[in-house]
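Engineer: Fold the following for me, if possible:
(one chain, ligands or ions: 2)
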Amino acid sequence: MKGEKQVMKAFDLLTATLNGEMTPGESWQDEFNVWQWLDQGVLHVAPLSPADSRNCDRAIVLSCAIHGNETAPIELLVDMIQQLSCSPRRLQARVLFILGNPPAVVNQTRFIEENLNRLFSASQQQAKAKNPEQQRAIDLMAAVDQFFSQALPHQRRVHYDLHTAIRDSQYPFFAVYPYHPDGFKRAAVARMQAADVNTVLLSHEPATTFSYYSHAHHQAEAFTVELGKVKPFGENDMSKLQPLKQLLNQMLYGQWPEPTIAPEQLKLFTVTRAVHRQQQDFELSFDDKLANFSQFKQGQLLGRDGDTDIVAEHDGEAIVFPNRKVAVGQRALLTVIQATPDLLIN
Ligand SMILES: O=C(O)CCC(=O)N[C@@H](CCC(=O)O)C(=O)O
Ligand SMILES: [Zn+2]
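Structural biologist: Ligands and ions are numbered 1, 2, ... in the order given. Take a look at the predicted model:
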């Protein structure tokens, strides 16, 4: 009725995904935006009017639950989507929200059969899927390809893939900046700092992660963002994610954020090695409780892979994402050393 404010029902990404409430292809509108359910857990929201859509200068992918037990990023995106559905606002971006691995969320595990975040590659796209995670990687790559293929040349492309880490960390919030042969951008790192993510790892080689895929195939400003430690639903301290939420809201609704870097707070690391498990007989020399970014002295033993010792190659070399349980052939550990902000380019 005229003059009557339409009250929208909160759209819940998690419930809609897990309960199979939506049909792929289904779409609906609010006052400003058009919503499309592209696939299970894949939601596209864009300005309704063609003029607004043409004028918006950003294409943003926000993904969570690529690992099923990493709940804080799910809670964040569920909350952002609920707010947008209850109080519609004019978007400055086309946005693709992704809940990555629904069966693993139900199972409350990192994955079901295979680590989804090792399957984003051109070769996987060509291959016949042998398990649900391989199929999901193929489907998510197709969704991201389609999303960015609709971006106009002047539009910024962004993909933040949100995670939480298995173990404690000396720096609980940190980002992995995918390998950039041409250099790592100061402005992109400054945006991470605006989200209170002051620790950034500069990757040394291509990877088969979701963030690397969007960067390498679509030139997106992409990061894997670690937001504290894995916890069950309801146990996350969501107040710590407020700066990220504010940044994302600005990216979605406001002027493009152009913060400057804060060098005194920044902890920048270059990845020196990705250690892949080669043998069944594999061990790490330290406790599972040892925090990410714990440092070692040159020559100190980090682990053993069959008959080969894995030792620290530099004083101050630190460990990130150590995991003695990964399958043979998978990444079991990153080693990093601290770097200075002059490594970053404009
Ligand atoms: O805490 C851990 O050991 C893993 C946390 C996690 O899922 N990290 C991502 C990082 C991806 C990247 O290197 O960009 C992963 O391992 O997939
Ligand atoms: Zn993860």
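
Engineer: So which residues on the stretch 1-150 of the chain come close to ligand 1?
Structural biologist: Within the stretch 1-150 of the chain, the residues that sit near ligand 1 (Cβ under 6 Å from any ligand atom) are 67, 117. C-beta coordinates here come from the backbone N, C-alpha and C atoms, glycine included.

Engineer: Name the residue of the stretch 1-150 of the chain that lies nearest to ligand 2.
Structural biologist: Nearest residue of the stretch 1-150 of the chain to ligand 2: residue 67, at 3.6 Å (Cβ to the ion).

Engineer: if I look at the residue of the stretch 101-250 of the chain found nearest ligand 2, how far off is residue 262?
Structural biologist: Residue nearest to ligand 2 within the stretch 101-250 of the chain (Cβ to the ion): residue 163, separated by 3.3 Å. Separation of residue 163 from residue 262 (Cβ to Cβ, to the nearest Å): 23 Å.

Engineer: just the strands in the stretch 101-250 of the chain please.
Structural biologist: 156-165, 173-177, 199-202, 221-229 (DSSP state E, counting those that start in this stretch).

Engineer: can you redo the ones you listed as TSV with mean neighbour count and mean pLDDT?
Structural biologist: Converted to TSV, the strands of the stretch 101-250 of the chain look like this (neighbours: other Cβ atoms under 10 Å; pLDDT from 0 to 100):
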stretch	mean neighbour count	mean pLDDT
strand 156-165	23	98
strand 173-177	25	98
strand 199-202	23	98
strand 221-229	23	98
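
Engineer: Of those, which is nearest residue 118?
Structural biologist: For residue 118, the closest of these is strand 221-229, at 12.2 Å, according to Cβ to Cβ.

Engineer: now check the closest one, is it near ligand 1?
Structural biologist: Yes. Counting by Cβ under 6 Å from any ligand atom, contacts between strand 221-229 and ligand 1 involve residue 224.

Engineer: That strand: how far from the chain's middle?
Structural biologist: 5 Å (Cα atoms, centre = their mean, to the nearest Å).

Engineer: Kindly report the same for stretch 254-273.
Structural biologist: 16 Å.

Engineer: swap in stretch 78-93?
Structural biologist: With Cα atoms, centre = their mean, you get 20 Å for stretch 78-93.

Engineer: And the contacts of it?
Structural biologist: 7-14, 30-33, 35, 43, 45-47, 52, 56-60, 62, 97, 238, 245, 248-249, 251-254, 256 (Cβ atoms under 8 Å, 6 or more residues apart in numbering).

Engineer: Distance to residue 187 added to the strands of the stretch 101-250 of the chain, as CSV?
Structural biologist: Formatted as CSV, the strands of the stretch 101-250 of the chain follow (distance: least, Cβ to Cβ, whole Å):
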stretch, distance to residue 187
strand 156-165, 11
strand 173-177, 12
strand 199-202, 13
strand 221-229, 8
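
Engineer: Need the residues that contact the lowest-mean-pLDDT helix or strand in the chain.
Structural biologist: Across the helices and strands of the chain, mean pLDDT, DSSP states H and E gives its lowest value to helix 50-55, namely a mean of 75. Residues from elsewhere that reach helix 50-55, judged by Cβ under 8 Å, 6+ apart: 32, 46-47, 90-91, 94, 152.

Engineer: beta partners for the residue of the stretch 101-250 of the chain closest to ligand 2?
Structural biologist: Beta bridges link residue 163 to residue 226 when assigned by DSSP bridges.

Engineer: close enough to count as contact, it and residue 223?
Structural biologist: No. The criterion here is Cβ atoms under 8 Å, and residue 163 misses it with residue 223 at 10.1 Å.

Engineer: before we move on, the earlier item: quick one: buried residues of the least confident helix or strand of the chain?
Structural biologist: By 16 or more other Cβ atoms under 10 Å, the buried positions in helix 50-55 come out as residue 53.

Engineer: Before I go, just wanted to say thanks for your time.
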